[in-house]
Each structure stands twice: as C-alpha cells, then as structure tokens.
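Q: Structure, please.
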Amino acid sequence: MSWVSWAHDVAAEKLAEALPRRWSHVQGVAKRARELKDTPGVDAELVEVAALLHDVGYAPDLAVVSFHPIDGARYLQSIDAPDRVVHLVAYHSAARQDAEVLGLEHLLDDYEDELSSERDALWWADMTTGPDGQTLTFQERMAEVKERYGPDHPVSRAIDRSWDARLAAVERTEARRDH
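A: As a prediction, the model looks like this:
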C-alpha cells in the first residue's frame with residue numbers, strides 16, 4: 001500500500017463519518033497537493049500525505065488538548081507515521097501563531113517546523129481550499145475563516161497575527177509552480 005493510500009484510509013476513518021464537512025475540506029486540500037506533482041523542488045507525494053492527515057486532530061476521539069495540529073501529530077506518532085508527516089501536521093498553516101494566541105506554544109516544542117518547500121506547499125494547499133473542498137484564493141479563504149469564526153475568536157486573531165507568514169508561504173509555492 002502506498003503512503004497516500006494509507007493516509008487516505010487513516011483520514012477517512014477518523015473524519016468521513018464524524019466530520020463530513022472537514023473530510024470534504026481535507027479531500028480538497030489533497031487534490032490541491034496533487035496539482036504540485038510537476039513542481040520543481042517539491043515532494044508532492046509527501047505534501048499529499050500530509051494534506052490528507054493535516055486535520056485528523058479534529059476527530060472527536062483524538063481531541064485531547066483541543067488544538068488540532070498537536071492532537072493530530074500525537075495521534076500520527078502513536079501509529080508510527082513518518083516523522084516528516086508528523087512534523088508537517090504539527091506545524092501546518094501557521095500553527096505556531098495559533099498556539100501562541102491560545103497559550104499552547106509549548107506543545108509544539110516536541111516538533112520541528114522544517115521551513116521547507118513541502119511545508120510551504122501544505123500551507124498553500126490548506127489556505128487555498130474552502131471548507132467544502134472548493135478552490136479559493138488565499139484572500140477568499142482567510143476571509144471565509146474569519147467570517148465563520150468571527151473577529152474576536154482566537155482563530156481570527158491568529159490569522160491577523162500570522163498573515164504575512166501565511167501569504168509568504170502561498171507566494172513561494174505559487175512561484176515554484178510557475179517555474
């Protein structure tokens with residue numbers, strides 16, 4: 001079985017029934033990741049695996065600390081997922097800034113933010129995919145998230161705090177795609 005098939009099965013088991021809208025988003029993020037298959041300097045298969053698993057920490061039976069990047073990374077460690085996938089999930093889409101807003105940044109200490117093209121690509125795929133799996137621009141996606149959560153929610157505050165880092169990862173990935 002390929003890593004992509006394995007990741008699909010793990011994510012489907014945890015999200016498809018319990019959180020069908022989240023599962024739609026995850027499938028859309030994985031679809032975006034597949035668009036990177038001919039992008040120089042990007043391991044598109046690794047990005048697709050991480051894309052399939054990036055939100056697994058939302059699964060009700062995995063929500064221990066209720067911070068999905070950490071709950072997901074801890075679960076993936078427990079089932080012997082590849083280290084890079086674990087670290088990419090722990091740090092996906094500005095998780096550091098999200099954790100800081102919540103006072104949970106210490107939970108990321110056990111993981112590495114690899115600052116790689118794959119990390120950027122995962123952020124890009126996540127931040128250009130809507131809640132139902134549809135492709136959006138970065139600005140559309142951030143507006144949608146902020147509208148859904150409201151201006152005072154920690155998620156919205158984290159987006160404001162990490163806007164530049166998020167946008168830079170998206171722009172770097174789009175530049176890689178264009179070459």
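Q: what's next to stretch 15-22, contact-wise?
A: Trp23, Val26, Asp55, Val56, Tyr58, Ala59, Pro60, Asp61, Pro131, Asp132 (Cβ atoms under 8 Å, 6 or more residues apart in numbering). In short, each C-beta sits where N, CA and C put it, glycine included.
Q: Where do the helices of the protein begin and end?
A: Taking DSSP state H as the criterion, the chain carries its helices at 3-11, 20-34, 44-53, 68-78, 83-90, 95-102, 117-126, 138-149, 154-177.
Q: Check the offset of the third one from the chain's centre.
A: For helix 44-53, the distance from its own C-alpha centre to the chain's C-alpha centre is 9 Å (Cα atoms, centre = their mean, to the nearest Å).
Q: For the closest residue to Phe138 other than its chain neighbours, which residues are in contact?
A: Once flanking residues are discounted, Phe138 sits nearest to Val170: 4.7 Å by Cβ to Cβ, 6 or more residues apart in numbering. The contact partners of Val170, by Cβ under 8 Å, 6+ apart, come to Asp120, Trp123, Trp124, Met127, Thr128, Phe138.
Q: try it again with 6 Å
A: Trp124, Met127, Phe138 (Cβ atoms under 6 Å, 6 or more residues apart in numbering).
Q: Now pLDDT, distance to Asp152 and neighbour count too, for those residues, in JSON lines please.
A: Formatted as JSON lines, the contacts of Val170 follow (pLDDT from 0 to 100; distance: Cβ to Cβ, whole Å; neighbours: other Cβ atoms under 10 Å):
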{"residue": "Trp124", "pLDDT": "98", "distance to Asp152": "27", "neighbour count": "28"}
{"residue": "Met127", "pLDDT": "97", "distance to Asp152": "21", "neighbour count": "26"}
{"residue": "Phe138", "pLDDT": "98", "distance to Asp152": "22", "neighbour count": "18"}
